[in-house]
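1. Got a predicted model here, sequence first, then my questions.
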Amino acid sequence: MDHFPTNWGRPRNDYQDAYGTYPIHQRPRNPSTDAFSDAVKRTQQPIVTGTSVLGIKYKDGIMLAADNLASYGSLARFKDIQRLHAAGESTVIAASGDMSDFQYIQQLLEELMIEEFTEQDGHALGPAEIHEYLSQVLYARRSKINPLWNSLIVGGFKDGKKFLSYVDLLGTTYSASTIATGYGAYIAQPLLRKAVEGYEDVLTEEQALKIMEDNLRVLFYRDARSLNKFQIATITADGVRISEARQLDTSWSFAEGIRGYGAQTQ
């Protein structure tokens with residue numbers, strides 16, 4: 001006797017009885033045992049993540065900064081990860097959140113750049129177009145990208161115009177003179193606004209670099225998922241430059257005087 005009701009088929013009627021037709025027996029469906037049949041997956045539980053990225057406008061262009069740490073959960077696992085990616089000749093994207101998702105975004109952008117290049121129509125994608133593309137991609141795939149994918153900063157300089165915008169996993173976008181993601185949105189953002197807003201047209205590259213280093217230092221002291229090793233990207237009329245990894249000058253000597261969590265007493 002077949003004990004699977006779904007295999008019983010429809011009840012026989014007089015027509016079927018008269019001509020001896022019966023429902024075809026259906027065996028229970030056995031899933032494929034092919035290990036590669038369902039190999040392509042999307043991250044549902046992020047493993048390796050990066051923390052804050054910073055972006056500001058200054059006199060000659062845009063500056064982005066990110067440290068080189070990618071944490072394996074709470075473990076400071078990978079200390080040589082680049083979270084700044086050049087997209088074309090005038091754009092850099094900086095990412096915080098899951099690194100596998102960032103690698104997927106990089107792959108999409110590389111394919112997009114190749115397709116645009118093969119058109120040979122005299123046009124090149126600028127920061128505004130790349131930002132719009134990413135906002136649509138992230139919004140369309142919002143249910144497939146894990147919840148720890150935080151955000152991207154897109155910075156660029158094209159046709160004499162500075163571009164600095166934000167996009168997150170929900171497709172939320174905005175532009176500003178200063179942008180910080182991750183924990184930096186709470187710690188570094190107020191410091192960036194105070195130092196940059198209103199001075200975007202007078203800040204030199206040296207001053208902008210010092211502002212970035214000061215904020216990265218604060219994040220290193222306050223954010224357990226940050227590192228004192230970082231990279232800087234500058235986008236100007238001369239093109240894109242991403243620096244080699246640099247080291248912050250830091251000191252923990254002040255910690256010697258801290259006792260417990262209450263008021264400090266001698």
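-> Noted; the coordinates are in hand.

2. from memory residue 192 sits against residue 181, does it?
-> No - with contact defined as C-beta atoms under 8 Å, residue 192 does not reach residue 181; the gap is 11.7 Å. Heads up, the C-betas are built off the backbone N, CA and C, glycines and all.

3. Settle it for me: which of the two has more neighbours?
-> Here residue 192 and residue 181 are compared on neighbour count by other C-beta atoms under 10 Å; more neighbours surround residue 181, at 25 against 22.

4. Could you find the closest non-adjacent residue to residue 221?
-> Taking C-beta to C-beta, 6 or more residues apart in numbering, and ignoring the residues beside it in sequence, residue 221 has residue 250 as its nearest neighbour in space, at 7.5 Å.

5. remind me, longest helix of the protein?
-> Ranked by residue count under DSSP state H, the longest helix found in the chain is helix 99-119.

6. Need the residues that contact that one.
-> Under the criterion C-beta atoms under 8 Å, 6 or more residues apart in numbering, residues 43, 46-50, 70, 81, 83, 85, 87-88, 93, 95, 123-125, 130, 133-134, 137, 145-146, 149, 152 lie in contact with helix 99-119.

7. got the buried residues for the helix or strand just after that helix?
-> Using DSSP states H and E, the helix or strand that follows helix 99-119 in sequence is helix 127-140. Judged by neighbour count (16 or more other C-beta atoms under 10 Å), helix 127-140 contains these buried residues: 127, 128, 129, 130, 131, 133, 134, 135, 137, 138.

8. elements contacting helix 127-140?
-> Other elements packing on helix 127-140 under the criterion 3 or more C-beta pairs under 8 Å, 6 or more residues apart in numbering; DSSP states H and E are strand 91-98, helix 99-119, strand 151-158, strand 161-168.

9. Mind doing that once more with 7 Å?
-> Using 3 or more C-beta pairs under 7 Å, 6 or more residues apart in numbering; DSSP states H and E as the contact criterion, the elements in contact with helix 127-140 are strand 151-158, strand 161-168.

10. List the contacts of it.
-> Contacts of helix 127-140 from elsewhere in the structure, counted by C-beta atoms under 7 Å, 6 or more residues apart in numbering, are 87, 90-91, 108, 112, 145, 152, 154-156, 158, 163, 165, 167, 169-171, 173.

11. again with stretch 157-174
-> Stretch 157-174 is contacted from outside by 55, 57, 61-62, 90, 126-128, 131, 134-135, 138-139, 142, 145, 149-156, 175-176, 179, 235-237, using C-beta under 7 Å, 6+ apart.

12. What is the burial count for residue 205?
-> Residues near residue 205, counting by other C-beta under 10 Å, number 15.

13. from the helices and strands packed on helix 127-140, which stretch is densest packed?
-> Each of these was given a mean neighbour count from mean count of other C-beta atoms under 10 Å, and the largest, a mean of 26, is that of strand 151-158.

14. Poorly predicted segments of the stretch 101-250 of the chain, please.
-> When the per-residue scores of the stretch 101-250 of the chain are filtered using pLDDT under 70, the ranges that remain are 141-149.
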